[in-house]
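Q: sequence unavailable; structure follows:
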């Protein structure tokens, strides 16, 4: 019987990588992110510049994308020896459009994103008990990973912090460990528990931007899930369904030749036909995995019909409906309390940039906790739209996330929040009629 062949892996020496090689590695990661975001094929020789380093092994790799201080994706792995070329490809592709916490990268964001790559060494368990574990950790040098087993009292959990994050955020050791536990959905002091595995690891962070790669000009932009004619058909069917529901008749659950597919935000609006003023809005949002378009619109139409049927107006009102479909989310940062000048949003914002947004193509979406506001009006500037949307969900203490989404609508403009309000009183003239 022949002896088994044991092949020793050639590990990449992170400390021996010079700045020129670091630049090559970062550019490859950027090229992969751009190709994935634009749904392009990678060239066969994408790793040729690495030479023999492509076949050296690392224990982990993370690609991190940011716009300013706003995280746009960070994916990778740790603890699995992998060829450098495979490690870069895996982390960069996942970060571009598979980070489950964050919408996929939109093409309009690419010129404004930083792209950092962190190559990682093997993780080492901290051999200490309780609070003494913290003495083995050196911030800025060590990354941290916390893991619990399936049989643990906490259940199977895991969290990871890269070496550079605590320094970047200005965290001390206690804050870092608490953040690690919170990420893993564990109690803040779970890192002291001897049944919990706490590991340190070291790495090499290679900073850079996506624009080191030649980006297309003009940039390809994702289109809507259908044209305006197909949206008008869906809107007409929605109105007819609401009429059917109000009379106890059977609605149409699917509309042939009408817009369908996946959207990230859908707004159904009730409009006073006489004044063209909005009466109420019904909003549903899912940035991941998105909304099945026709079934979501049908669900919103049920809610709208019930609300309108129960409403009492102080005069006769004929109601029409408008339908707005939002897609291709891009993140633009956050609005903080310091960005307000009393009731008005400042012209220059501390952590938000709307560069690249065209008001005739995209809506502004502002999120604060469970509240969401949407603004779309091609006749206004994007900063004005941002101020209008932010004012509807403003918090005195919380930051608000700012997104833009491609928008196709049967209405000429839209300003809506997810708290429906009917402009009505208790005096009854007649039930509202749904216009066609």
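A: Alright, I've got the coordinates. Computed from a predicted structure; not experimentally measured. Residues are numbered from 1 along each chain as shown.
Q: so how far is stretch 236-243 from its chain's centroid?
A: How far stretch 236-243 lies from its chain's middle: 32 Å, per CA atoms, centre = their mean, to the nearest Å.
Q: could I get the buried residue list for it?
A: 236, 237, 238, 239, 240, 241, 242, 243 (16 or more other CB atoms under 10 Å). Every C-beta, even on glycine, is put in place using the N, C-alpha and C of the backbone.
Q: got the contact list for it?
A: For stretch 236-243, contacts defined as CB atoms under 8 Å, 6 or more residues apart in numbering pick out 249, 251-252, 255, 258, 268, 297-298, 301, 304-305, 308, 320-321, 323, 434-436.
Q: now these: which count as buried?
A: The buried subset of the contacts of stretch 236-243 - by 16+ other CB under 10 Å - is 251, 255, 258, 268, 297-298, 301, 304-305, 308, 320-321, 323, 434.
Q: from the contacts of stretch 236-243, which land in strands?
A: Among the contacts of stretch 236-243, DSSP state E puts 268, 320, 321, 323, 434 in strands.
Q: pLDDT below threshold where in the stretch 251-400 of the chain?
A: The stretch 251-400 of the chain contains residues with pLDDT under 70 at 313-316.
Q: all the strands of it, residue numbers only.
A: Shown for the stretch 251-400 of the chain, the strands assigned by DSSP state E, counting those that start in this stretch span residues 262-263, 265-272, 278-285, 291-292, 318-335, 340-341, 344-345, 351-352, 362-368, 371-376, 400-409.
Q: got the domain boundaries for the chain?
A: Following automatic domain parsing, the chain resolves into domains at 14-121+206-212, 124-201, 228-434.
Q: so what's residue 156 up against?
A: Taking CB under 8 Å, 6+ apart, one finds 148, 149, 150 in contact with residue 156.
Q: which pLDDT value does the model give it?
A: pLDDT for residue 156: 94.
Q: what about it, distance to residue 126?
A: 20 Å (CB to CB, to the nearest Å).
Q: coming back round to it: can you select the buried ones among the contacts of residue 156 for me in ChimeraX?
A: Buried residues among the contacts of residue 156 (16+ other CB under 10 Å), as a ChimeraX selection:
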select :148
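Q: nearest to residue 391 among the contacts of residue 156?
A: Nearest to residue 391 among the contacts of residue 156 is residue 148, at 43.7 Å by CB to CB.
Q: my guess is that closest one contacts residue 155. True?
A: Yes - counting by CB atoms under 8 Å, residue 148 touches residue 155, with 6.8 Å between them.
Q: show me where the chain has its helices.
A: 19-37, 84-97, 165-169, 173-183, 228-246, 293-310, 382-393 (DSSP state H).
Q: so residue 42 touches residue 33, yeah?
A: No - using CB under 8 Å, residue 42 is not in contact with residue 33, being 10.8 Å away.
Q: which of those two has more residues huddled nearby?
A: Shown here are residue 42 and residue 33; by other CB atoms under 10 Å, residue 33 has more neighbours (25 against 15).
Q: ok, the residue nearest to that one when sequence neighbours are not counted - contacts?
A: Nearest residue to residue 33 in three dimensions, chain neighbours excluded: residue 96, at 4.6 Å (CB to CB, 6 or more residues apart in numbering). By CB under 8 Å, 6+ apart, the contact list for residue 96 reads 32, 33, 36, 37, 65, 73, 104, 105.
Q: try 10 Å
A: By CB atoms under 10 Å, 6 or more residues apart in numbering, the contact set of residue 96 is 32-38, 63, 65, 72-73, 75, 104-105, 110, 115.
Q: how about CSV for the domains of the chain, with distance to residue 8 added?
A: Listed next are the domains of the chain as CSV, based on distance: least, CB to CB, whole Å:
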stretch, distance to residue 8
domain 14-121+206-212, 10
domain 124-201, 20
domain 228-434, 41
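Q: do you know which of those domains lies nearest residue 218?
A: domain 14-121+206-212 (10.1 Å).
Q: closest one to residue 212 among the strands of the stretch 251-400 of the chain?
A: strand 318-335 (20.4 Å).
Q: parallel or antiparallel, which strands does that closest one pair with?
A: strand 265-272 (antiparallel), strand 351-352 (antiparallel), strand 400-409 (antiparallel), strand 433-434 (parallel) (DSSP bridges).
Q: thinking again about what came up before, what's the most distant pair in the contacts of residue 96?
A: Among the contacts of residue 96, 38 and 75 lie farthest apart (CB to CB), at 18.1 Å.
Q: of those two, who's got more company?
A: Between residue 38 and residue 75, residue 75 has the larger neighbour count (other CB under 10 Å), namely 22 against 16.
Q: assess the claim that the more buried one and residue 95 are in contact.
A: Yes - counting by CB atoms under 10 Å, residue 95 is a contact partner of residue 75 at 4.4 Å.
Q: for these two, list the residues in contact with both.
A: Contacts common to residue 75 and residue 95, judged by CB under 10 Å, 6+ apart, are 62, 63, 64, 65, 102.
Q: now distance to residue 133 too, for the strands of the stretch 251-400 of the chain, in CSV please.
A: Shown next, in CSV, are these (distance: least, CB to CB, whole Å):
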stretch, distance to residue 133
strand 262-263, 45
strand 265-272, 44
strand 278-285, 41
strand 291-292, 44
strand 318-335, 34
strand 340-341, 43
strand 344-345, 45
strand 351-352, 34
strand 362-368, 37
strand 371-376, 40
strand 400-409, 35
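Q: looking at the ones you listed, which is closest to residue 26?
A: Of those, the one closest to residue 26 (CB to CB) turns out to be strand 318-335, at 21.7 Å.
Q: list the buried residues for the closest one?
A: Across strand 318-335, burial judged by 16+ other CB under 10 Å covers 319-335.
Q: got the contact list for the residue nearest to residue 128 when sequence neighbours are not counted?
A: The shortest distance from residue 128 to any non-neighbouring residue, by CB to CB, 6+ apart, is to residue 136 (5.8 Å). Each residue near residue 136 by CB under 10 Å, 6+ apart is listed here: 124, 125, 126, 127, 128, 142, 198, 200.
Q: go again with 8 Å.
A: Neighbours of residue 136 in contact, by CB under 8 Å, 6+ apart: 126, 127, 128, 200.
Q: separate out the buried members of these.
A: 126, 200.
Q: between the contacts of residue 136, which is nearest residue 272?
A: Nearest to residue 272 among those, counting by CB to CB, is residue 200 at 63.1 Å.
Q: surely residue 56 is in contact with residue 12?
A: Yes - using CB under 8 Å, residue 56 is in contact with residue 12, at 4.0 Å.
Q: give me the common contacts of these two.
A: Going by CB under 8 Å, 6+ apart, residues that sit against residue 56 and also against residue 12 are residue 84.
Q: which one of these two is surrounded by more residues?
A: Ranked by neighbour count (other CB under 10 Å), residue 56 and residue 12 place residue 12 first, with 22 against 17.
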